[in-house]
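Chemist: My questions concern the predicted model and sequence given below.
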Protein chains: 2
Amino acid sequence: MKHEDSHQHSQQDSHQHSHHNHNDCIDTALETAETLCAEQGQRLTKVRRRALELIWESHRPLGAYQLLAKLAEEGFNSAPPTVYRALDFLLSAGLIHKVESMNAYLGCAHADKAHKGYFLICDECHNVMEFDYQDIHAALIEKAAHQGFELRAETIELTGLCAKCKEKSAGANA
Amino acid sequence: MKHEDSHQHSQQDSHQHSHHNHNDCIDTALETAETLCAEQGQRLTKVRRRALELIWESHRPLGAYQLLAKLAEEGFNSAPPTVYRALDFLLSAGLIHKVESMNAYLGCAHADKAHKGYFLICDECHNVMEFDYQDIHAALIEKAAHQGFELRAETIELTGLCAKCKEKSAGANA
DNA sequence: TACAATTTTGTTATGATATAACAAGTAAAA
DNA sequence: TTTTACTTGTTATATCATAACAAAATTGTA
Ligand SMILES: [Zn+2]
Ligand SMILES: [Zn+2]
Ligand SMILES: [Zn+2]
Ligand SMILES: [Zn+2]
């Protein structure tokens, strides 16, 4: 499998605003996945591996049924449980994130580091950028703890207008 | 309509950790809703008003179809558009919030002040507490702006264990 | 009032997202 | 090899949400 396209990637803290070859991302993500699964005695089966790859190949978060359609095209079973099982596995392995406000799934470039997925979601182009912000994480933990609340998971999804789309709309108004 | 029950409320910044009469909350929320709608030339019709009331009467975020069932019991139309229209109205009027990670709806006690809804969601009892944190809001805006991203909406949903449930589980283990 | 314009609601159908339940197959462990 | 655990296949269904168009109610205007 070759990954031909190059684009601006969505992982701010690893290669912020740099154009790069997305193939490398996919390959790295897949290698990381193999390693992590091996380490944890988890089985990255064909359908799970291909699901992860397809999610990475999409430049935007992918819906479960979109993914299911792609898998079906390739001869995998086309019933919903197939894709939801794969997604569940990838989610619990930390290899992907779910963007709750979009009901869609996104590859994580930092699966090897336990972390919360924080997202910037563009209303216009629907690109999603994952960002990492320890300050906010710490502040949230502290804030929650102050109320006696023990934090387990965080859904931080910020929507608005990305830099590119803001430029475009500014150009259109000029 | 009488509101009989008393419980710990979910609006941290208005009456943090205080036991109080929820009836008052509902009444206040409804009054605020009437006022806001009047000011903005919006019509708080019977079904919209009753939907808001039912959402407030629930101690947890209410799903659209749960709400629909309650409305249907009272003689309102029982087709989905009825409830989604009411929800859309209440959402855009800022009278309720949607909890994305639960697909459920929650009354807002601060409808008169424009704000983002930040939530602490207990995994155990499913109570949801709205909290207000200007520091985090400011930090998020700044963080996004730093990437050229113009923030429009925020989904901040923190899940974990609330103080009460933490106590309970500690007691069980003792 | 009568009329038109606007908004709201009724109704039917369908789309989109996700899970339950149980059978069959496959891989790992004993 | 036999057992066990895990994974996948299959059918059905649950849950969440919207499209499209008709009917009714409300509001503004003459
Ligand atoms: Zn991540
Ligand atoms: Zn954009
Ligand atoms: Zn609020
Ligand atoms: Zn709790």
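Modeler: Noted; the coordinates are in hand. Ligands and ions are numbered 1, 2, ... in the order given.

Chemist: what's the burial count for the nearest residue to A:Ile156 once chain neighbours are set aside?
Modeler: In this structure, A:Ile156 finds its nearest non-sequential neighbour in A:Tyr118, 4.2 Å apart by CB to CB, 6 or more residues apart in numbering or on different chains. Placement of C-beta: from N, CA and C, glycine included. Residues near A:Tyr118, counting by other CB atoms under 10 Å in any protein chain shown, number 22.

Chemist: With A:Leu140 instead?
Modeler: 21.

Chemist: And the strand or helix carrying it, what does it pack against?
Modeler: Assigned by DSSP states H and E, A:Leu140 falls within helix A:134-146. Counting contacts by 3 or more CB pairs under 8 Å, 6 or more residues apart in numbering or on different chains; DSSP states H and E, helix A:134-146 packs against strand A:150-161, helix B:134-146, strand B:150-161.

Chemist: Now the longest one: average pLDDT?
Modeler: Predicted confidence along helix B:134-146 averages 92 (mean pLDDT).

Chemist: hmm, back to that, pipe the helices and strands packed on helix A:134-146 into JSON lines and attach distance to A:Leu91 per row.
Modeler: As requested, the helices and strands packed on helix A:134-146 are exported to JSON lines (distance: least, CB to CB, whole Å):
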{"stretch": "strand A:150-161", "distance to A:Leu91": "11"}
{"stretch": "helix B:134-146", "distance to A:Leu91": "24"}
{"stretch": "strand B:150-161", "distance to A:Leu91": "14"}
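
Chemist: Compare those and report which one is nearest to DNA strand C.
Modeler: strand A:150-161 (12.5 Å; CB to the nearest atom of the strand).

Chemist: any idea of the angle that closest one forms with helix B:134-146?
Modeler: Strand A:150-161 and helix B:134-146 are oriented at 40 degrees to each other (axes from the mean of the first three to the mean of the last three CA atoms, to 10 degrees).

Chemist: Which positions in strand A:150-161 come out as buried?
Modeler: A:150-151, A:154-161 (16 or more other CB atoms under 10 Å in any protein chain shown).

Chemist: can you list the residues of chain A near ligand 1?
Modeler: A:108, A:110, A:117 (CB under 5 Å from the ion).

Chemist: tally of neighbours for the residue of chain A found nearest ligand 4?
Modeler: Nearest residue of chain A to ligand 4 (CB to the ion) works out as A:Phe149 at 8.7 Å. By the measure other CB under 10 Å, the count of residues near A:Phe149 is 25.

Chemist: now do A:Gln134
Modeler: A:Gln134 has 8 nearby residues by other CB under 10 Å.

Chemist: Domain-wise, how is chain A divided?
Modeler: A:20-111, A:115-174 (automatic domain parsing).

Chemist: Nearest to B:Cys165, out of those?
Modeler: domain A:115-174 (8.9 Å; CB to CB).

Chemist: who's in contact with A:Thr148?
Modeler: Just so we're on the same page, residue A:148 is Gly rather than Thr. Listed by CB atoms under 8 Å, 6 or more residues apart in numbering or on different chains, the contact partners of A:Gly148 are B:162-163, B:166.

Chemist: any idea how far it is from A:Cys122?
Modeler: 36 Å (CB to CB, to the nearest Å).

Chemist: re earlier: let's have the contacts of A:Gly148 in a markdown table, adding pLDDT.
Modeler: Listed next are these as a markdown table, based on pLDDT from 0 to 100:
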| residue | pLDDT |
| --- | --- |
| B:Cys162 | 94 |
| B:Ala163 | 94 |
| B:Lys166 | 92 |
